[in-house]
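K.L.:
return a 3D structure for these sequence lines:
(one chain, ligands or ions: 1)
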Amino acid sequence: MKRRDLFAASLAAGIAGATRRRGWAATPEASAALGRTALHGTIPHLVPIRAHADQIMDIKVCLRPFRPAGPRMDVERVAGKTVVHNYGHGGSGWSLSWGAAHIAVGHAAATLERRVAVIGCGIIGLTSALTALRAGLDVTIYTRDLLPHTRSVRANGSWTPDSRIALTQQAGPEFAKTWEQMARYSWQTYRDYLGLPGNPIDFRDNYTLSDTPPDAADHAPTPTDPAKGNFATTGAPQSSAEFAEYASRISDIIPAPELLAGADNPFPVGYARRTPLMIYNFGAYGHLLLEEFHQAGGRIVIREFHSPADLADLPERVVINCPGYAARDWWNDKSLIPIRGQTSWLPPQPDAPYALEYKGAAMISKSDGVMIQGYDMYGLGEMDGVGNSFEHPDRAEAEKAIGIIEDLFTRFQPRNG
Ligand SMILES: Cc1cc2nc3c(=O)[nH]c(=O)nc-3n(C[C@H](O)[C@H](O)[C@H](O)COP(=O)(O)OP(=O)(O)OC[C@H]3O[C@@H](n4cnc5c(N)ncnc54)[C@H](O)[C@@H]3O)c2cc1C
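P.N.:
Residues are numbered from 1 along each chain as shown. Coordinates of the predicted model:
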């Protein structure tokens, strides 16, 4: 959830909060600002989340592969091969994977070669390989790790297509169009995976909660400190305002939030809204993709590459290069900036299938565990984790995020019904 979205929602929720205390319904202005007000009485009975630090079963750390200009998707000739790049999808790799794969495979198919090598078996490599197979190509994945051991499965795992995907200035207007193409294609493809056994792809109601009404500053552009400069002057992003936001380009296909007014707000906070959120159940989805790949005749070779010259001995003449953040070393792409993020996992709670965001912590109850992530607990917005490549778990950070959710539920009064 982007901070500015949260504030936009809070504007509407704030209006509603003021009216709710007098027992009124949300105002038309509030509803219009947010989407609409939920139909009265449509909030289901919510089982509390058992968020306690002594329930932690895993802490995962991931580095978002961020490039200021957006993902690298160009084509070059190296070591006698045509190399199609597909890496650097920031905090949006799961969400944009199918769309990015569609573009990369388009470039590969244009060579008219039948045999294609895909380097990497994270979510970008695997969807690229499957897309290539579906296009009738003969595909071998060469990879150091299979999906369950990649950085991909250390993500949060929800639809976040413009999360730290690029900087507005550095990416330029052309990338905005490419982003829209990728986002629409991915969203459509994910629909093919809904309603399947094991729910590889699913939806959760996501509740965005806040205690405080917005003030005028929340709706002004994100403040920047001129003394800090910006990416152009320092070579590193310096404020949230530099990060691109493209979500409004696809608002026609993404479910809108509903304002939860009065008795329809089940949480012990003043301001709440509900939005359906697409989620990825890593276990079920990962297994399904690997199974589909093998069934369609794909091959996997475990191999580590050390320099681009290593490509020379591959039998394939076309390579789709999907190494994620590792491109910083193995392809020497120093434009990649690490953006650290950490998730904690508690035992699954299938009786509580929903998600929420509160005070910079996010919770998603998934089939493979309850995921809790502190995405903005220090008020840094999009700058949280930028430039941080420390890939070890931070227990204190995990406990802080879980504590936020725990505190919420100690004040929560479950409803009957
Ligand atoms: C905390 C956090 C939360 C996130 N949440 C979300 C989310 O909710 N939604 C979303 O869309 N995105 C999210 N992301 C972003 C997403 O995880 C990444 O964009 C995505 O995982 C990148 O996938 P990838 O396949 O490019 O890279 P990786 O998963 O890193 O895969 C790279 C592959 O290349 C292989 N490889 C690398 N180097 C070599 C080499 N030299 N030789 C051989 N093989 C090699 C690796 O073994 C691996 O198989 C999140 C990221 C973080 C950090």
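K.L.:
quick check on the residue nearest the centre of the chain: phi, psi?
P.N.:
Residue closest to the mean C-alpha point of the chain, counted by CA atoms, centre = their mean, is Thr160 at 3.7 Å. For Thr160, the backbone dihedrals (degrees, to the nearest 10) come out as phi -140, psi 70.
K.L.:
just the buried positions in stretch 241-248, please.
P.N.:
Ala241, Glu242, Phe243, Ala244, Glu245, Tyr246, Ala247 (16 or more other CB atoms under 10 Å). Using the backbone N, CA and C atoms, a C-beta is placed for each residue, glycine as well.
K.L.:
quick revisit: check what pLDDT the residue nearest to the centre of the chain gets.
P.N.:
With respect to pLDDT, Thr160 has a value of 98.
K.L.:
with Ala8 instead?
P.N.:
At Ala8, the pLDDT value in this model is 45.
K.L.:
what stretches of the stretch 301-417 of the chain score poorly on pLDDT?
P.N.:
Across the stretch 301-417 of the chain, the stretches falling below the confidence threshold (pLDDT under 70) are 416-417.
K.L.:
for it, what spans make up the strands?
P.N.:
Along the stretch 301-417 of the chain, the stretches classed as strands by DSSP state E, counting those that start in this stretch are 318-321, 337-346, 354-358, 361-366, 369-374.
K.L.:
and this protein, which residues reach the ligand?
P.N.:
62-65, 87, 89-95, 119-125, 143-145, 150-152, 155-158, 160, 304-305, 322-326, 330, 341, 343 (CB under 6 Å from any ligand atom).
K.L.:
mind telling me what element Pro266 is part of?
P.N.:
Using DSSP states H and E, Pro266 is not contained in any helix or strand.
K.L.:
identify the residues contacting it.
P.N.:
Taking CB atoms under 8 Å, 6 or more residues apart in numbering as the contact definition, Pro266 lies against Ile43, Leu46, Leu260, Ala272, Phe412, Arg415.
K.L.:
surely Glu258 is in contact with Ala272?
P.N.:
No: taking contact to mean CB atoms under 8 Å, the distance of 9.7 Å between Glu258 and Ala272 leaves them out of contact.
K.L.:
Glu113 looks like it's in a strand, true?
P.N.:
No: Glu113: not assigned to a strand; according to DSSP: H, G, I helix; E, B strand; the rest coil it is coil.
K.L.:
so who does it touch?
P.N.:
Going by CB under 8 Å, 6+ apart, the list of residues near Glu113 reads Thr82, Glu316, Arg317, Val318.
K.L.:
got a list of what the residue nearest to Phe175 when sequence neighbours are not counted touches?
P.N.:
Nearest non-adjacent residue to Phe175, counting by CB to CB, 6 or more residues apart in numbering: Gly70, 4.5 Å away. By CB under 8 Å, 6+ apart, the contact set of Gly70 is Gly88, Ile165, Ala166, Gln170, Ala171, Phe175, Thr178, Trp179, Ala244.
K.L.:
kindly report the same for Ile320.
P.N.:
The neighbourhood of Ile320, defined by CB under 8 Å, 6+ apart, consists of 84, 86, 104-105, 108, 116-119, 125, 128-129, 132.
K.L.:
show me what it bridges to in the sheet.
P.N.:
Residues found in beta-bridge contact with Ile320 (criterion: DSSP bridges) are Val84, Val118.
K.L.:
looking at this structure, which helix is longest?
P.N.:
When the chain is parsed with DSSP state H, its longest helix is helix 168-191.
K.L.:
okay, buried residues for stretch 346-360 please.
P.N.:
Residues Leu346, Pro348, Gln349, Pro353, Tyr354, Ala355, Leu356, Glu357, Tyr358, Lys359, Gly360 are the ones in stretch 346-360 that count as buried (16+ other CB under 10 Å).
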